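Chemist: Need the 3D shape of this:
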Amino acid sequence: MFEDERDDKIYNLIITNGFDKNKEYGQFTEKLYSKTDFLWKESMSGAYASAGEEFYQKVDRIIMLAGLYSDNKELFDDLLNASKKYDIPIVLVRPIGVEEVPEVLEENAATIVGWNANCIIDSIKDAPETM
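Modeler: This next block holds a predicted model:
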């Protein structure tokens, strides 16, 4: 890696979790950990609907694992609302093995990505700051 290409930013992410019958959250975080040149941390809240500006102003991206949507709609709705209110880009990750994503998520995503680790990292880094 060339010195001028090095990205030392630590990305602060919210990654959707919740009821996860296919263990997508664990698989996704493994992809992030596999890229040792990508620095990140995760912000979590017990209630995203009531987390305020102080919490969200530190968040760089909201990662939505579309495969978890049907079992966690309230969580996704809370994060969609926060994304709009605090202007946080959404990186939408397709369900494993499926190309289609829920329309409401697609309409609000800054970018949509599959499960390739390099593509995930590029999508996080390159997601437009404004939607």
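Chemist: From here on, just use CA atoms for contacts and neighbour counts.
Modeler: Fine.
Chemist: any low-confidence regions in this protein?
Modeler: Applying pLDDT under 70 to the chain flags residues 1-6, 130-131.
Chemist: Go ahead and flag the most central residue of it.
Modeler: Ile63 (0.9 Å; Cα atoms, centre = their mean).
Chemist: Tell me which strands the helix or strand hosting it pairs with, and in which orientation.
Modeler: Using DSSP states H and E, the element containing Ile63 is strand 61-65. Sheet pairing for strand 61-65, assigned by DSSP bridges, gives strand 10-15 (parallel), strand 90-93 (parallel).
Chemist: Identify the residues contacting the shortest one?
Modeler: Strand 90-93 is contacted by residues 61-66, 83, 105-106, 108-115, 123-124, 127 when judged by Cα atoms under 8 Å, 6 or more residues apart in numbering.
Chemist: would Trp40 count as being in a strand?
Modeler: Yes. Membership of Trp40 in a strand is supported by DSSP: H, G, I helix; E, B strand; the rest coil.
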